[in-house]
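>>> predicted structure and sequence below. I'll ask about it afterward.
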Amino acid sequence: MALRIEDYALIGDCETAALVGRDGSIDWLCLPRFDSDSCFAALLGEPKNGRWMIAPEEAGEVSRRYREKTLILETTFKTSEGKVLLIDFMPPKGNSSDVVRIVIGIEGRVKMRMELVIRLDYGLTVPWVTRLDDGTLRAIAGPQMLLLKTPIEIHGEDMKTIGEFTVEPGERISFVLAHTQSHLPAPELPDPFLSLEETKRYWCEWSTTCKQAGRWSEAVLRSLITLKALSFAPTGGIVAAPTTSLPEKIGGNRNWDYRFCWARDATLTLLALMGAGYFQEAHAWRDWLLRAVAGSPEQLQIMYGVAGERRLWEWEVPWLQGYEGSKPVRVGNAAHNQLQLDVFGEIMDALYQARRGGIPESEPAWAVERALLGHLASIWREPDDGIWEVRGDRRHFTHSKMMAWVAFDRGIKSAQEFGLPGPVDDWRRICAEIHDDVCRKGFDAELGCFVQAYGTRELDASLLLTPAIGFLPPTDPRVRATVEAIERELVVNGLVRRYDTGSSDDGLPPGEGVFLACSFWLADAYVLLGRVEDAERLFDRLLELRNDVGLLSEEYDTQQRRLVGNFPQAFSHISLVATAHNLTHIEKPSKQRAGSPATHDP
C-alpha cells in the first residue's frame, strides 16, 4: 500500500529535493533540478518505478524528527532485535547532487536491508550498471549517471541493487548516491561523516537569522527551512512544491505539476522572508522575479521555471499509475499561458514592498513596472482565468479586478514615495475606475457581500484578501459581511475551501480538499477585524494538521483526515509564517501590505 502523503519528509540541497517515507524509502527524487526527470518515482507508481529503501528486515516501531534547526532527517526504527537510527540528508550542492544516508546501531544486533531501484525518465528507463575499480556502483542511461558508494557488499537481483547487513551498537554504515552527467568523469564522492557535520553547520548558521514569533517560533522556523529547501540557489527562484501530480482528491484528476515558480506567490514570499530577517533570500527572489517577467508585457506568464524558463508544456505520463490510482500523472503545466490579471498586482506589490523593505533598487525594475502598467491599462476590463487557474471559460473574477487595482495603486505609491517618474494622474484615474467597477459589479447587494465573479452568486476564498491588499479597510461593512459569508458557505470543519467546486464550473469534475493557504487567510482576516482569539484558535488548528516533522501539503481532506495535494507546499508554509507574524509582530504583514490607498476611493 502507498504511504499517506503525511508519511513523507523532505530533504534537499537547495537545487532539488527528495521525499523520504517513514518506512525508510526515498520514493521521489528528480536530479539535478526540481523540474528534472525523476530517478525515483515510486511515489506516483510502484517500487519498480524507482526507489531507495533502507530499513530493518523486521517491521517495528518508527519515530522520526529533524535535527534541531536543520533539514537533516533522523528516523529511528525499533524492532525485537534492537534499535537503529537512519540519518538522511543532502549536502548543499557542490560538484554533484548527493544523497547521503547513514545507519547507526543503537541497541542490539539489527538485520537491515537496502534496496536500490534506479529508474530514470519518470520511472521508465533501466540504466546500465557497472562497477568502478574502487567498487563504486555506476548506473548510466543516456546523459545521466548515478554513483553509489557504500562499505557493505551489494549485488544485483531482478534489476535491483540489494544489500543485506547487520548493525551493532555504535556501528556506522554509510551510503552516498551522487548524480552527474554521463559524459563527465566520475566525481570524487563526499565523505559522508564530514558532509554530515558541514550540512549541520550550514543549516544551524542559516537558522540563527530567524526572528522570533512568540510561542509559534519553532513552527515558523520549520516553515522557513522548508521554504529555503524549495529555493533554487543559483537563481533565487522558489518552487511551489518539489512534486507533481499528488492529487487534490484521492482518485481524482486534479493533479498538477508544481515544480515551478508562481508569480502569484511573490508578495507573501517577500514579506515572509523580510519579516523573519532573511533579506538575502528576499533579494534573490525579487531579482528572480524581475528576470523572469522581463520582456514584452503581452507575454507575461503566471509561472516560470526555476531559472525563468517560459515553455512549461504539459504532457501526461501513461506508464505511471498515479498516487493511489489518481490519474493522470502530469509533467509541465498548461496553466502557464493563462491570462491572470492578479499577477500584475502581485508583481507591482512585491516590487513596492521590496523598496519599502530596503532591498537595493534594481535598475530595470521601474521600467519593467511601467511597461506592465501600460499593458494592464488596456486589458484590465477583459475576463481572465482567475487566481485558481480554472480550465473553464474566462470570467470577470472579482479578485482579479481587485489585484488590477493593486497594480496601479502600488505604481502610484512607488512614484510618490521613491520619486520615480510616471504618468501618475493617468494611474489615479484608472485606479478609481477599477475600484468603482469592482464595487458596483463584484458586490451583490442582495447577498450583502462580494462574489467570485461579476454576475454570479458564488463565493471565493480569495475575497478574504480584500482588506489585506488594501482594497477596502477592515472596518468597511462590506468586508465584514464578505468574511461572514465565507464562514457560512465555504468553511468545512473550521477550514476553508477555495470555492464550491460542485456549483462553480471550473472545467473539471468537482471535489477537492480544503485549501490550507485560504484557511490561513481567514485567520489573517480575523486579525484585521479584531477577532484575535478566533485567529489564534484557527491558527492552532492549522498547526495540528502538520505532519510529525512539521510539513504541510496544499490541501487537507476533512473526511479522510489526511493531507492531499503537492507536498510540501511552499504557499502553505509562506501563509503559516505570515499568520504567525500577524499574530506576534508589531509590524504585521497584512497591515504592512495594505498600507493606505494612494487614491481616494469610494
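All right, it came through fine.
>>> which residues does Val176 bridge with?
Beta bridges link Val176 to Val100, Lys149, judged by DSSP bridges.
>>> got the contact list for it?
Residues near Val176 by C-beta atoms under 8 Å, 6 or more residues apart in numbering: 98-101, 147-150, 189-190, 192. C-betas here are computed from N, CA, C, even on glycine.
>>> how close does Asp460 get to Gly374?
Distance, Asp460 to Gly374, using C-beta to C-beta, to the nearest Å: 29 Å.
>>> which of the two has more residues huddled nearby?
Higher neighbour count among Asp460 and Gly374: Asp460, with 26 against 13, using other C-beta atoms under 10 Å.
>>> list the contacts of the nearest residue to that one once chain neighbours are set aside.
The shortest distance from Asp460 to any non-neighbouring residue, by C-beta to C-beta, 6 or more residues apart in numbering, is to Gln452 (3.8 Å). If you count contacts by C-beta under 8 Å, 6+ apart, Gln452 has them with 397-399, 458-460, 463, 499, 504.
>>> which of those residues fall in helices?
Counting by DSSP state H, those place 398-399 in helices.
>>> nearest to Thr209, of the contacts of Gln452?
Distance to Thr209, by C-beta to C-beta, is smallest for His399 among the contacts of Gln452, at 33.2 Å.
>>> and the closest residue to that closest one other than its chain neighbours, how many neighbours?
Using C-beta to C-beta, 6+ apart and skipping the chain neighbours, the partner closest in space to His399 is Ser462 (3.8 Å). By other C-beta under 10 Å, 25 other residues sit near Ser462.
>>> ok, Ser462 to Ala525 distance?
Going from Ser462 to Ala525 by C-beta to C-beta gives 12 Å.
>>> helices of this structure, start to end?
120-123, 192-207, 217-229, 266-275, 279-293, 342-356, 365-379, 398-418, 424-441, 477-489, 516-528, 532-543, 570-584, 589-594.
>>> output those as JSON lines; include the columns mean pLDDT and distance to Ile250.
Converted to JSON lines, the helices of the chain look like this (pLDDT from 0 to 100; distance: least, C-beta to C-beta, whole Å):
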{"stretch": "helix 120-123", "mean pLDDT": "97", "distance to Ile250": "20"}
{"stretch": "helix 192-207", "mean pLDDT": "97", "distance to Ile250": "33"}
{"stretch": "helix 217-229", "mean pLDDT": "97", "distance to Ile250": "23"}
{"stretch": "helix 266-275", "mean pLDDT": "93", "distance to Ile250": "28"}
{"stretch": "helix 279-293", "mean pLDDT": "94", "distance to Ile250": "33"}
{"stretch": "helix 342-356", "mean pLDDT": "95", "distance to Ile250": "29"}
{"stretch": "helix 365-379", "mean pLDDT": "96", "distance to Ile250": "38"}
{"stretch": "helix 398-418", "mean pLDDT": "97", "distance to Ile250": "28"}
{"stretch": "helix 424-441", "mean pLDDT": "98", "distance to Ile250": "37"}
{"stretch": "helix 477-489", "mean pLDDT": "97", "distance to Ile250": "24"}
{"stretch": "helix 516-528", "mean pLDDT": "97", "distance to Ile250": "16"}
{"stretch": "helix 532-543", "mean pLDDT": "97", "distance to Ile250": "21"}
{"stretch": "helix 570-584", "mean pLDDT": "96", "distance to Ile250": "18"}
{"stretch": "helix 589-594", "mean pLDDT": "86", "distance to Ile250": "33"}
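>>> lovely, talk soon.
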